Every structure is written in C-alpha cells, then in structure tokens.
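Visitor: Give me coordinates for this.
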Amino acid sequence: MSQASEPLRPLALPLDGVRLIEASAGTGKTWTIAALYVRAVLGHGLPRPLLPPQILVVTFTEAATQELRERIRARLVEAAVAFRAGTVNEPLLGELVASYAPEQRPACARRLELAAQWMDEAAIFTIHGWSQRMLTQHAFGSGHAFAQTLEPDESELLAECVRDYWRQAFYPLDEATLAAVQAEWRTPDALLRSLLPLLGSGEATLRVDGEVLVAGEGIGGLLAA
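Guide: The predicted model follows:
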C-alpha cells in the first residue's frame, strides 16, 4: 500500500528505518543530505552520535562524491560555528542549536569540528566504489579474491572471452571441420550473439540434433553429432 507524500522537514525526518526523499534537479538534495549528516554526527534523533566512517553516503559519479564531501565538510564547519556562537540567522541551524541546552553546545561544536577534520576518511562512495570496498574487506569470508576490479559493463570482457575461445578451439581444426563451424558462425561476434540468450537464462540444456550434449564433450563431439 502506498503512502501519501508529505513536505520534507530535515530536522524532523526520522533517521532510522527506510526513508524515501523525492526531489527534482536543483531543489536542494545536497543541502538536505548535508543537514541530515550534521544531525547524524550530533546524534540528533538517534540513540547515539555517529562518526564519519559510520555514515555511508552513496552517489553515482566520482565528481559527485567529491562535491558531497566538500559540501558536507563546509556544513559541519558552519554548524560548529553556530553552536559556538549560540545563535545563527539561518532557520534550520538556529532550530537545531535551540534544541540543545546551552551547556551542551560546546561539546556539540567540538564533535562537529572533529567530524569536519575527519571527512577525508568519510564513507562517501560511488555505487561501484562501495561494492569494491566491501568485496575487498570481506574477501576471505565471501570466498572472493582479495584484489578485484569491478567491470560496470561486462560486454567487452565477454566478447574478449569468446574471441579467446574462438582462437583456441577453432584455429587448430582441419579445413573440413572448420567449414562446418563456419556454416553456423562466421565470426566470433556471431558466436557471441548465439550465446547471449543462454547466458541470461540460468541453467540450460544444450542439444545437438535433439540429443543432449554430454558435459565436457569437446568441439569435435559437437560437430560429429
């Protein structure tokens, strides 16, 4: 069941559970993320304050990660100054400062200042960058290699594999056998086009002239059938 949307209030938005914020371009998404980040550092609405490495921010491009890092750092510094001064003209920071007792504000300012200094180690990544970090950190437990390179588009890698197979399996064939292969696939790209539907459909049973192809049977067996 869908729920009706309501205007966003950055200081009242719960920071637990799953929350969806819908916004068009230029409506203040980065500003909102920075405001929520300040709240998380202070523990505003949370059981305890969080440190930058404990707050994950994920975006789409490397340029966006750098912009977010700098914007959040600047916002943390602005908030620290506001807590030191005790008053500020900006409504959001003014309301946030007012929600803390005067004797709590110096500690809040110090926490914000430390978070701003720690932003170089903040968990702000692209989707692929975060995935690669998790695979590296948990490689032993997940059974993956410690050094990995993520390929967002595997089409060229797949084409290279097919070309390698073409050279290894077809080049040594005699002329008559090779002619039978080329009657089906004239080029590696043609072979790749035949393979793609099989790769996207899970487990498949390969048949030649209606007969199941025995696992491990080579190209010679395929052509003989």
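Visitor: Quickly list the domain ranges of this protein.
Guide: For the chain, the TED database gives the domain ranges 29-141, 154-224.
Visitor: where among these is the average confidence lowest?
Guide: Of all those, the minimum mean pLDDT falls on domain 154-224 (a mean of 75).
Visitor: mind listing the strands for this structure?
Guide: 56-59, 123-126, 207-208, 211-212 (DSSP state E).
Visitor: ok, the closest residue to residue 46 other than its chain neighbours - contacts?
Guide: The shortest distance from residue 46 to any non-neighbouring residue, by Cβ to Cβ, 6 or more residues apart in numbering, is to residue 15 (5.5 Å). Every residue, glycine included, has its C-beta placed from N, CA and C. When contacts are counted by Cβ atoms under 8 Å, 6 or more residues apart in numbering, residue 15 touches 36, 39, 40, 44, 45, 46.
Visitor: Pretty sure the third one sits against residue 50.
Guide: What that stands for is residue 40. Yes. When contacts are counted by Cβ atoms under 8 Å, residue 40 is listed as touching residue 50 (4.8 Å).
Visitor: Output the longest helix belonging to the protein.
Guide: Longest helix in the chain, counting residues (DSSP state H): helix 62-85.
Visitor: which of the strands of the chain sits most buried?
Guide: Highest mean neighbour count among the strands of the chain (mean count of other Cβ atoms under 10 Å): strand 123-126, with a mean of 18.
Visitor: So in that sheet, which strands flank that strand, and in what orientation?
Guide: In the sheet, strand 123-126 lines up against strand 56-59 (parallel) (DSSP bridges).
Visitor: Share the number of residues neighbouring residue 136, please.
Guide: 13 (other Cβ atoms under 10 Å).
Visitor: Also residue 23?
Guide: Neighbours around residue 23, by other Cβ under 10 Å: 10.
Visitor: so how far is residue 64 from the residue nearest to it when sequence neighbours are not counted?
Guide: Leaving out its chain neighbours, the residue that sits closest to residue 23 by Cβ to Cβ, 6+ apart is residue 29, at 5.0 Å. Distance of residue 29 to residue 64, given as Cβ to Cβ, to the nearest Å: 10 Å.
Visitor: can you pull out the helices in this protein?
Guide: Going by DSSP H, the chain shows helices at 29-42, 62-85, 91-98, 105-117, 127-137, 139-142, 155-170, 175-184, 188-199, 219-224.
Visitor: List the buried residues for the second one?
Guide: Buried positions in helix 62-85, judged by neighbour count with 16 or more other Cβ atoms under 10 Å: 65, 68-69, 72-73, 75-80, 82-83.
Visitor: The longest helix of the chain to helix 29-42, inter-axis angle?
Guide: Interaxial angle of helix 62-85 relative to helix 29-42 (axes from the mean of the first three to the mean of the last three Cα atoms, to 10 degrees): 50 degrees.
Visitor: any idea how far helix 62-85 is from the chain center?
Guide: Distance of helix 62-85 from its chain centroid, counting by Cα atoms, centre = their mean, to the nearest Å, is 22 Å.
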